[in-house]
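1. no sequence on hand, only this structure:
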């Protein structure tokens, strides 16, 4: 058995994980494996019991049940044609505005975000439905790609969201309260995106021309019917899932199960449901659940070892030693998460950073819920910042090749939206009530 | 050897596809519970516990299935630029250093514990209906074994690539 100071352990953890991750091996296993090795060398064979306890606890954690269910719901919705209908309707209504299609893309992204909880599904839907028409009408590639990626990324911030589901057990906060807290910051970002698109296309009409009138020439009655028929089904879905959590009718995972059943019904009513879609969605669910939960279990185990070796105290001392008081510490933590977001998947960041940092928030004098939600808003950038940017990968991977989109186009397109997220973070700092108002209005908020 | 590897892939694929239907089972259990609670005003005692067990099973089979489809996340800033041999080397070192000590060790612990429970005929207290630990334990054991097999198959493939410079 080796005994070193906690500072040395912390350094070993950081360096070993960094080397393993950058070498390109499976992140989850690098994190978990380093924990197992360091644990074995320091604690001895007892580490097996610890691994068993921590991993089994995650396997049987009831919050995590929501992950396969929300993923399944998203996969079904992705094939349901819901985005096509919405796009058709919003094209009629907003096509005439300069930048109207980009605006419509962000609005659909926001609406989809409230129906599903994964990034892949919403970004790929928006890419399929919205990217082609925008480019065909002469929108600049940057603006088109940027609005698709940023609008789609809202999918994981606005509840339901598997990110918030993972954050619950990682921080000990109620998933339901996290859900409610994320509603307004999500809408705030959406509003910022819309404002940016409007201003940008007013200044420079060439990048976002109005769609020709003959495309959207329809009697107001038909237009209204299109809008309603495309809006009502998703709205019912949103209200049934989020409403039942808000009013305390169902737990988060129950709401997820009901939502999954509702998504199947919606897909059936749009006549897009088939055996093939079901089988495909189920397999995708298994795959995504597999990789998310491997990171979750491994990180949960390693954080256990990390804390046992008193490395948490080292981190606390470092954070408290940061100059300029609690806001200096806040800025440093946010910057760390931003940088990690460029390289690591969100699950890894949440499962490692949140359990170590969030317990320190009372020491720093921040509200725990607010702080955790700020991490979520910050992580929106993780999906958009290269080299590891899942939204960009999905957009590039889904876009038809004849559109001629390059990764550079997408990267140039998302930069303004990244700046907007930073602005959004600033607004949430100035007005913390944006995050905290709704959770306090919840009925039976202990859920 | 090739046949063995192929067989492992097929087993993981089939078992994975089958186990993915558990998601549907989960949805049905939730609907039952919600209906029993709000329509008949008599919440069930079995739904919550069995859901957690189903969830655990889905996760463990998900691990094997994700490995089969190479869906586990890696950071590939440098990795994509490596040659096939170098990639294989990273994966070999990774699975020997990280996977087998951790998940291999975990599988060993779970199997020895479950066998012990099975032989002494204990029941699970983590569900309200005290299901015999055997069923859940057996399925989890199966899932973990499959995950280990799938990683072992990948290891053999990587060793072959490293030695011969081409895929098996």
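-> That came through, no problem. Keep in mind it's a predicted model, so treat the numbers as computed, not measured.

2. let's verify residue A:318: helix, strand, or coil?
-> Recorded secondary structure, residue A:318: helix (DSSP: H, G, I helix; E, B strand; the rest coil).

3. which helix or strand in chain B has the lowest average pLDDT?
-> helix B:105-120 (a mean of 82; mean pLDDT, DSSP states H and E).

4. what packs against the helix or strand following that helix?
-> Next helix or strand after helix B:105-120 toward the C-terminus (DSSP states H and E): helix B:133-164. The contact analysis (3 or more CB pairs under 8 Å, 6 or more residues apart in numbering or on different chains; DSSP states H and E) places helix B:133-164 against helix B:2-20, helix B:47-68, helix B:84-94, helix B:105-120. C-beta: built from backbone N, CA, C; applies to glycine.

5. buried sites along helix B:133-164?
-> B:133-134, B:136-137, B:139-144, B:146-158, B:160-162 (16 or more other CB atoms under 10 Å in any protein chain shown).

6. anything in the top helix by length along chain A near chain B?
-> Of all segments of type helix in chain A, defined using DSSP state H, the longest is helix A:275-308. Yes - judged by CB under 8 Å from any CB of the partner chain, helix A:275-308 and chain B are in contact via A:279, A:282-283, A:285-291, A:293-295, A:297-298, A:301.

7. ok, those vs residue A:31, which is closest?
-> residue A:298 (5.0 Å; CB to CB).

8. give the contact list for the closest residue to that closest one other than its chain neighbours.
-> For residue A:298, ignoring the flanking residues on the chain, the nearest one in space by CB to CB, 6 or more residues apart in numbering or on different chains is residue A:32 at 2.8 Å. By CB atoms under 8 Å, 6 or more residues apart in numbering or on different chains, the contact list for residue A:32 reads A:297-299, A:301-302, B:98, B:102-103.

9. pick out whichever of those residues sits closest to residue A:264.
-> Taking the contacts of residue A:32 together and measuring to residue A:264 by CB to CB, the closest member is residue A:297, at 28.9 Å.

10. check whether the closest one really touches residue A:59, as I assumed.
-> Yes - here residue A:297 reaches residue A:59: they are 7.0 Å apart, a contact under CB atoms under 8 Å.

11. and residue 49, how many neighbours?
-> If you meant another chain, say so; for now it's chain A. Residues contacting residue A:49 under the criterion other CB atoms under 10 Å in any protein chain shown number 12.

12. right idea, wrong chain: chain B
-> Residue B:49 has 21 neighbouring residues, counting by other CB under 10 Å.

13. repeat for residue A:216
-> By other CB under 10 Å, 16 other residues sit near residue A:216.

14. pLDDT below threshold where in the chain?
-> Going with chain A. Counting by pLDDT under 70, chain A contains low-confidence residues at A:1, A:443-447.

15. correction: the question concerned chain B.
-> Within chain B, the ranges that satisfy pLDDT under 70 run B:121-134.

16. go again with 80.
-> Within chain B, the ranges that satisfy pLDDT under 80 run B:41-47, B:49, B:76-77, B:114, B:117-137, B:167-168.

17. I would like the residues contacting the strand or helix carrying residue A:123, please.
-> For residue A:123, the host element (DSSP H and E) is helix A:119-126. Identification of contacts with helix A:119-126 by CB under 8 Å, 6+ apart yields A:74-75, A:77-78, A:82-83, A:105, A:108-109, A:112-113, A:116, A:148-149, A:151-156, A:288, A:383, A:390-391, A:394-395, A:397-398.

18. same thing with stretch A:190-197?
-> Stretch A:190-197 has contacts (CB under 8 Å, 6+ apart) with A:99, A:102-103, A:106-107, A:109-110, A:143, A:147, A:150-151, A:154, A:158, A:208, A:416-417, A:420, A:423-424.

19. again, only using 10 Å
-> Applying CB atoms under 10 Å, 6 or more residues apart in numbering or on different chains, the contact partners of stretch A:190-197 are A:97-107, A:109-111, A:113, A:143, A:146-147, A:150-151, A:154, A:157-158, A:207-208, A:416-417, A:419-421, A:423-424, A:427.

20. tell me the buried residues in that stretch?
-> A:190, A:192-194, A:196-197.

21. find the centremost residue of chain A, please.
-> Residue closest to the average C-alpha location in chain A (CA atoms, centre = their mean): residue A:156, at 2.6 Å.

22. ok, now which ones touch it?
-> Residues counted as contacts of residue A:156 (CB under 10 Å, 6+ apart) are A:74, A:113, A:116-123, A:162-164, A:182, A:186, A:346, A:376, A:379-380, A:382-383, A:390-391.

23. wait, residue B:32 sits on residue B:48?
-> No - assessed by CB atoms under 10 Å, residue B:32 is found out of contact with residue B:48, at 11.5 Å.

24. the more surrounded of the two?
-> Neighbours per residue (other CB under 10 Å) separate residue B:32 from residue B:48, with residue B:48 holding more: 19 against 14.

25. settle this for me: residue B:48 is touching residue B:29, isn't it.
-> Yes - using CB under 10 Å, residue B:48 is in contact with residue B:29, at 9.2 Å.

26. list residues touching both of those two?
-> With CB under 10 Å, 6+ apart, residue B:48 and residue B:29 have common neighbours residue A:254.

27. how near is the closest residue to residue B:162 other than its chain neighbours to chain A?
-> Spatial nearest neighbour of residue B:162, excluding adjacent residues (CB to CB, 6+ apart): residue B:88 at 4.4 Å. Remark: distance between residue B:88 and chain A (CB to the nearest CB, to the nearest Å) = 11 Å.

28. who's in contact with residue B:88?
-> For residue B:88, the residues meeting the contact criterion (CB under 10 Å, 6+ apart) are B:82, B:154-155, B:157-163, B:165, B:167.

29. tell me which parts of the stretch 51-200 of chain A are close to chain B?
-> Within the stretch 51-200 of chain A, the positions adjacent to chain B are A:51-56, A:58-69, A:71-73, A:75 by CB under 10 Å from any CB of the partner chain.

30. any quick ChimeraX command for the buried ones out of those residues?
-> Burial among those is assessed by 16+ other CB under 10 Å; the matching ChimeraX selection reads:
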select /A:51,52,54,55,56,58,59,60,61,63,64,65,66,67,68,69,71,72,73,75
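
31. and stretch B:62-75, how far out from the chain's middle?
-> Relative to its chain's centre, stretch B:62-75 lies at 10 Å (CA atoms, centre = their mean, to the nearest Å).

32. just the terminal-to-terminal distance for that stretch.
-> For stretch B:62-75, the separation between the terminal residues is 20 Å (CA to CA, to the nearest Å).

33. buried set for that stretch?
-> Judged by neighbour count using 16+ other CB under 10 Å, the buried positions of stretch B:62-75 are B:62-69, B:71-75.
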